[in-house]
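Engineer: Below are the sequence and a predicted model; questions follow.
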Amino acid sequence: MDTKIYMLLEIIICIVFSFILVYYYSRRGTNPLVIIIAGITWSLNFILVVFLPFDIYYTYTKGVKDDEIVKSILFIGYNFIYWFLFICSWIIIPLIQEYEDSGDFTRKKKFIRSIKNNLIYYGILAIISIVLLIIAYFIKLFPKNAFLYEIINCSYLIGLLMFYFLFGYSVTSLPVKVFYKTDYKYQIKFLEWLVIDLKHNFEKIKRELVEDGYLLYSTLQNFKIEERYKLTKFNYNEKNDEEEKMDNEKKEKKNNEKGKEKSNDDIFNSKVIADYSNIIKERFDYLYDNAQVFQIELNKNSIDNNEEPLHKVEELIKLNRKINKNELDNLRIQIKIRNQYYHWATLSTILRIKKNNNNDIEDDSSSDQKEGLIPDNESSQTNKEKIIDHDNEVPELNDSDNIDKDFIPLKNISKIKIFYYQTLRRPFLYIYLALLLFGGIFTLISQLGGILKYSIYGALLKLIIGSDLGIVGLHLFIMIPIIFLFAMSIFTFFKLKISGYFNMNKNRQTDSVTLMYFSTNLCRISFSICLDVILNITPSLNDKRDIKEAEKKGVTQILQILGFIVDVKGNKIDIEKGQVFCQIYEYFPLIMILYVIILLFKIPQKIGKCFGKNIFSVESEDSIHEMKEGHEYFMEINQKYKGEMIPLRSLVLPEDKYNK
């Protein structure tokens, strides 16, 4: 197949796959701009995985006929992806994220607040970066013409640190999670322990939603907003522009004299009431109309008189933002509880079926039955049916099985799933575990070797290039480890509860703020992952090559695009531009190695335990108490839905027409 067609097909697959993934995760009613930006940025990040093997192939393969069209595509593609993702990750996506997360009620004010918040954050970050770079400049750590490159390369240092954190967490925690998934009884206990934290947060959020809902409603009642709205609107429309201007000047002068708020919009004056009356009412109506979905109770006739009504617009905006966050958190937690309950109920049902089958076999193989001492009559047949009837009463399991006699097995579990859990799941998990361990150990050894200027992966890649497997063979060999690095990093995004409440939820339950948060961090780590791979393998690929040939074509285009001019004489890589970055990078793999060691010895857990944080242990008294509480909670759900799965439709909100 022609190289250009091969590349085009992979690019199309990346684009289609990215938009399908975004659609699969994005919540219904998500801002179309969010979906478009997420789809484009995800596509470009995945296209990097396609470009890198072609770049290495055309850089290091001897005797290959230069394809100027492919090289031009790589050059233009790298430039476009680099600058587009750089601008998106540091400007466009943060603006959209703050816009979506804002509590303001109008698009204009949401946009203004987004700009203000980002200017404050990035202003502080820019000042710190510039000060550090100026210090590095005066102590002559890099040439004069490389100052701009060093400013840009600061983002790569941040991206590398993020990548090491994400990959280090995944490579240490994921194999442990997979290993313990093979023990169903242990997994049941862990799920029961895990759900308690969700339950407590869920109860806290429900209380806050009720309190904030009544606070919103009491504010409406305090100002009699529905009655004053008509009068205010009528009086406001009767005034001409000159009268309005004079009134505003008088009010501003009066406020300044009394030392009150600087702006009229800071307090609930008549104009603010006219502008916000419907919005405030609709915000409460949305919460009230969906109270059943949030599992809360709101009564319009009940007002907490102890709550002090709001008096400022800024207070109302903060309250609205808090309500928005709690609504999303409420649904996220319900979805997590739903998923954990389904997993718990599935494993419990599988264990019960296995226990029943064992009892059935023991009855069939009993000596009395063999000798014909017990007649095979209708009553004995009924008893046998009673044992294997999973929808009715079943034999009580002992305490180690952690299943009550009142447990109702899942009614929709299929024979295929039963066969999978009983026969196939454990072998698949062991194979998965072996691949994770091999990939993680190989990556860590390769990173450690990169510090010594000899990468195992680079040496293997050099053998593959020498064997002349062609573009397809080399392509696959390069893509597999890069996809592994991406997948392990993304796993942490999907599993960790980052920054308090960002969670990727499937089945179209991920909000726009989380999509933007994931997109901006993916943009920041993608080039860093590719750069880590290139700088890791370059010494091994350039070693013992002809110096003139290496100087001519021994530099991949991604390094040239990023401003790195590599001197390949000998084993050491000297960087003319981006010197500080590469001097620091030489020691960055040590950071990941140390971080992995820290995680392997469970130092964060031990520190957390010293501060009173409960760490899961089947022998810990705190864990046993929480497991018991979690078991009772799951049993309540089990009895409520009578062995059926919690309907997903009950966790899906209608379009939020009140908060546009």
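Structural biologist: Perfect, I can see it now.
Engineer: Can you report how many residues neighbour residue 608?
Structural biologist: 13 (other C-beta atoms under 10 Å). (Each C-beta comes from the backbone N, C-alpha and C, glycine too.)
Engineer: Report the mean per-residue pLDDT for the host helix or strand of it.
Structural biologist: Using DSSP states H and E, residue 608 sits within helix 603-610. Regarding helix 603-610, the rounded mean pLDDT is 82.
Engineer: So what touches it?
Structural biologist: 598, 615 (C-beta atoms under 8 Å, 6 or more residues apart in numbering).
Engineer: what's in contact with the helix or strand following it?
Structural biologist: Reading on from helix 603-610 to the C-terminus, the next helix or strand found by DSSP H and E is helix 621-641. By C-beta under 8 Å, 6+ apart, the residues outside helix 621-641 that reach it are 189, 191-196, 199, 337, 341, 344-345, 402, 404, 406-408, 614-618, 646.
Engineer: if you set the cut-off to 6 Å instead, what comes out?
Structural biologist: Residues outside helix 621-641 that contact it (C-beta atoms under 6 Å, 6 or more residues apart in numbering): 189, 192-193, 195-196, 199, 341, 344, 404, 408, 614, 616-617.
Engineer: Stretch 35-51 now?
Structural biologist: Contacts for stretch 35-51 (C-beta under 6 Å, 6+ apart): 10-11, 14-15, 18-19, 22, 26, 74, 77, 81, 85, 88, 482, 515, 519, 522-523, 526, 530.
Engineer: What is the strand or helix carrying residue 560 packed up against?
Structural biologist: Assigned by DSSP H and E, residue 560 falls within helix 557-561. Applying 3 or more C-beta pairs under 6 Å, 6 or more residues apart in numbering; DSSP states H and E, we find helix 557-561 packed against helix 68-87.
Engineer: Packing partners of the longest helix seen in the chain?
Structural biologist: Of all the segments of type helix in the chain, defined by DSSP state H, the longest one is helix 313-364. Under the contact criterion of 3+ C-beta pairs under 6 Å, 6+ apart, helix 313-364 touches helix 184-222, helix 378-388, helix 621-641.
Engineer: Select only the buried ones of the contacts of helix 621-641 in PyMOL?
Structural biologist: In PyMOL, a selection of the buried entries from the contacts of helix 621-641 looks like this (16 or more other C-beta atoms under 10 Å):
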select buried, resi 189+192+193+195+196+199+341+344+404+408+614
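Engineer: Would you mind listing the buried residues in the helix holding residue 608?
Structural biologist: Result for helix 603-610 [16+ other C-beta under 10 Å]: no buried residues.
Engineer: Nearest residue to residue 505 in space, ignoring adjacent ones along the chain?
Structural biologist: In this structure, residue 505 finds its nearest non-sequential neighbour in residue 335, 5.3 Å apart by C-beta to C-beta, 6 or more residues apart in numbering.
Engineer: picking that back up, tell me the most buried of the helices and strands packed on helix 313-364?
Structural biologist: Most buried of the helices and strands packed on helix 313-364, by mean neighbour count (mean count of other C-beta atoms under 10 Å): helix 184-222, with a mean of 19.
Engineer: Show me which of the contacts of helix 621-641 has the smallest pLDDT value.
Structural biologist: residue 404 (69).
Engineer: care to break the protein down by domain?
Structural biologist: In terms of domains, the chain is parsed into 195-339, 345-417 (source: automatic domain parsing).
Engineer: Comparing those by mean pLDDT, which bottoms out?
Structural biologist: domain 345-417 (a mean of 59).
Engineer: Show me where the stretch 351-500 of the chain has its helices.
Structural biologist: For the stretch 351-500 of the chain, the helices defined by DSSP state H, counting those that start in this stretch occupy 367-371, 378-388, 415-419, 425-451, 456-466, 470-495.
Engineer: Those helices: which one's closest to residue 594?
Structural biologist: helix 425-451 (11.1 Å; C-beta to C-beta).
Engineer: In terms of secondary structure, what does that closest one contact?
Structural biologist: Short answer (3+ C-beta pairs under 6 Å, 6+ apart): helix 425-451 packs on helix 147-181, helix 456-466, helix 588-600.
Engineer: Which of the residues in that helix are classified as buried?
Structural biologist: 425, 429, 433, 436, 439-440, 443-444, 446-447, 449-450.
Engineer: Could you dump the residues you listed into TSV with distance to residue 48 and pLDDT added?
Structural biologist: Formatted as TSV, the buried residues of helix 425-451 follow (distance: C-beta to C-beta, whole Å; pLDDT from 0 to 100):
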residue	distance to residue 48	pLDDT
425	34	94
429	31	94
433	29	94
436	23	93
439	19	91
440	22	91
443	18	88
444	23	87
446	19	83
447	20	82
449	24	73
450	20	65
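Engineer: Same list (those residues) but as JSON lines, adding distance to residue 331.
Structural biologist: As requested, the buried residues of helix 425-451 are exported to JSON lines (distance: C-beta to C-beta, whole Å):
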{"residue": "425", "distance to residue 331": "29"}
{"residue": "429", "distance to residue 331": "30"}
{"residue": "433", "distance to residue 331": "33"}
{"residue": "436", "distance to residue 331": "31"}
{"residue": "439", "distance to residue 331": "35"}
{"residue": "440", "distance to residue 331": "34"}
{"residue": "443", "distance to residue 331": "36"}
{"residue": "444", "distance to residue 331": "38"}
{"residue": "446", "distance to residue 331": "42"}
{"residue": "447", "distance to residue 331": "39"}
{"residue": "449", "distance to residue 331": "46"}
{"residue": "450", "distance to residue 331": "44"}
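Engineer: tell me the two of those that are most distant?
Structural biologist: 425 and 450 (36.9 Å).
Engineer: could you dump the helix holding residue 560 to PDB, C-alpha only?
Structural biologist: C-alpha atoms of helix 557-561 as PDB (Å, rounded to 0.1, in the frame of the first residue of the first chain):
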ATOM      1  CA  GLN A 557      11.300  16.300  12.300                       C
ATOM      2  CA  ILE A 558       9.500  16.500  15.600                       C
ATOM      3  CA  LEU A 559      12.700  17.700  17.200                       C
ATOM      4  CA  GLN A 560      13.300  20.200  14.500                       C
ATOM      5  CA  ILE A 561       9.800  21.500  14.800                       C
END
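Engineer: isn't residue 30 right up against residue 511?
Structural biologist: No: with contacts counted by C-beta atoms under 6 Å, residue 30 stays clear of residue 511, the gap being 7.4 Å.
Engineer: number of nearby residues for the closest residue to residue 71 other than its chain neighbours?
Structural biologist: Spatial nearest neighbour of residue 71, chain neighbours left out: residue 58 (6.3 Å); criterion: C-beta to C-beta, 6+ apart. Residue 58 has 20 neighbours, counted by other C-beta under 10 Å.
Engineer: And for the one 10 residues further on?
Structural biologist: Here the count is done by other C-beta under 10 Å, and residue 68 has 7 residues near it.
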